[in-house]
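K.L.:
give me a model of this one.
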Amino acid sequence: MIEARDVDVFYGASQALRRVSLKAETGQVTCVLGRNGVGKTTLIRALAGLLPADGRLSLQGRPFASYAPRERARAIAYLPQGHVFHWPVPVASVVALGRYPHADAFTPPSPADQAAVARSLAATGVEAMADRPITTLSGGERARVALARALATEAPVLLADEPTASLDPRHQLVVMELLRRGAQHGAVLAVVHDLLLAARFADRVMVMDRGRIVADAAPAEALGPARVADVFGVETVSVATDAGSVNIPWRISERP
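P.N.:
The predicted structure is shown next:
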């Protein structure tokens, strides 16, 4: 669905991504993990077409360059980090911004637009807040509204940068379930920091270190004890669950 081959990204003289290759495929949730500052957000932004990148990027088998901006916006929904809103806009109006690629600023919302917004409000559990100004919501509530806006686009690719940040444990699970459900109709690639959420919900895990992808495999393989110790600098303990064993970060290891 979305593919990168030998992608490099530079910030001035500093190289943030080094020959990154990946595929995010329809029907899969792919989680990207790694320490702070290793290039995860840069990768998401490059895949969203928001950063200049060297290498080859394709979407649905077509080069990025062949897409008009609005066409690409209909195909890729992007959920960035942070959810800063400066204006007291009603929640429903914020979510309706996700429909912008389907029309223009001068066209009234169609029945399809209204239905998509209603579905997204309900799916994220914020329909009761639809008329509230976004500035009156907590950080976790704003995070769910931002996800609803991305879902309202109904794009076949969803790129989410730390979608569970600021959320309580229950709503972390709610969001990951929504991403899991979204993968039934498209490709989902999400940056997360919680190893357990990745192990529980991801079909594939990509681990990044120093601007490179150093693992791309099923969660049990990508997040094995040796890999976690090497990349994250922590030791793990294995805990048995109904769905199999998971590795839980337990103590700091010796990696600098």
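K.L.:
give me the low-pLDDT residue ranges for the chain?
P.N.:
105, 255-256 (pLDDT under 70).
K.L.:
residue ranges for the strands of it, please.
P.N.:
2-11, 14-24, 29-34, 54-59, 62-63, 76-79, 157-161, 187-191, 204-209, 212-217, 234-241, 244-252 (DSSP state E).
K.L.:
list the buried ones in the third one?
P.N.:
Across strand 29-34, burial judged by 16 or more other CB atoms under 10 Å covers 29, 30, 31, 32, 33, 34. C-beta coordinates here come from the backbone N, C-alpha and C atoms, glycine included.
K.L.:
same deal with the fourth one?
P.N.:
When burial is assessed from 16+ other CB under 10 Å, strand 54-59 yields the following buried residues: 57, 58, 59.
K.L.:
only C-alpha atoms, please: export it in PDB.
P.N.:
C-alpha atoms of strand 54-59 as PDB (Å, rounded to 0.1, in the frame of the first residue of the first chain):
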ATOM      1  CA  ASP A  54      15.900  11.000  -1.300                       C
ATOM      2  CA  GLY A  55      15.100   7.600  -2.500                       C
ATOM      3  CA  ARG A  56      11.800   6.100  -3.800                       C
ATOM      4  CA  LEU A  57       8.400   6.500  -2.200                       C
ATOM      5  CA  SER A  58       5.300   4.900  -3.700                       C
ATOM      6  CA  LEU A  59       1.700   4.800  -2.800                       C
END
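K.L.:
name the strands paired with that strand and say parallel or antiparallel.
P.N.:
Using DSSP bridges, strand 54-59 pairs in its sheet with strand 2-11 (antiparallel), strand 62-63 (antiparallel).
K.L.:
hmm, back to that, deepest-packed of the strands of the chain, please.
P.N.:
Per residue and on average, the most neighbours among the strands of the chain fall to strand 187-191, with a mean of 27 (mean count of other CB atoms under 10 Å).
K.L.:
how big is the angle separating it from strand 54-59?
P.N.:
130 degrees (axes from the mean of the first three to the mean of the last three CA atoms, to 10 degrees).
K.L.:
which other residues reach strand 187-191?
P.N.:
With contact meaning CB atoms under 8 Å, 6 or more residues apart in numbering, strand 187-191 is reached by 1-2, 24-33, 40-41, 44, 47, 156-163, 179-180, 182.
K.L.:
now stretch 86-98
P.N.:
Here stretch 86-98 has contacts from 77, 85, 109, 113, 116-117, 120-121, 126, 129-137, 145-146, 148-153, using CB under 8 Å, 6+ apart.
K.L.:
can you show me the CA trace of that stretch as PDB?
P.N.:
Extracted in PDB, the C-alpha atoms of stretch 86-98 (Å, rounded to 0.1, in the frame of the first residue of the first chain):
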ATOM      1  CA  HIS A  86      -5.500  27.700  19.600                       C
ATOM      2  CA  TRP A  87      -9.100  28.500  18.700                       C
ATOM      3  CA  PRO A  88     -12.300  27.400  20.500                       C
ATOM      4  CA  VAL A  89     -13.700  25.500  17.500                       C
ATOM      5  CA  PRO A  90     -16.400  22.900  18.200                       C
ATOM      6  CA  VAL A  91     -15.200  19.400  18.300                       C
ATOM      7  CA  ALA A  92     -17.400  18.300  15.400                       C
ATOM      8  CA  SER A  93     -15.900  21.100  13.200                       C
ATOM      9  CA  VAL A  94     -12.400  19.900  14.100                       C
ATOM     10  CA  VAL A  95     -13.300  16.300  13.100                       C
ATOM     11  CA  ALA A  96     -15.000  17.600   9.900                       C
ATOM     12  CA  LEU A  97     -11.600  19.000   8.800                       C
ATOM     13  CA  GLY A  98     -10.700  15.400   8.000                       C
END
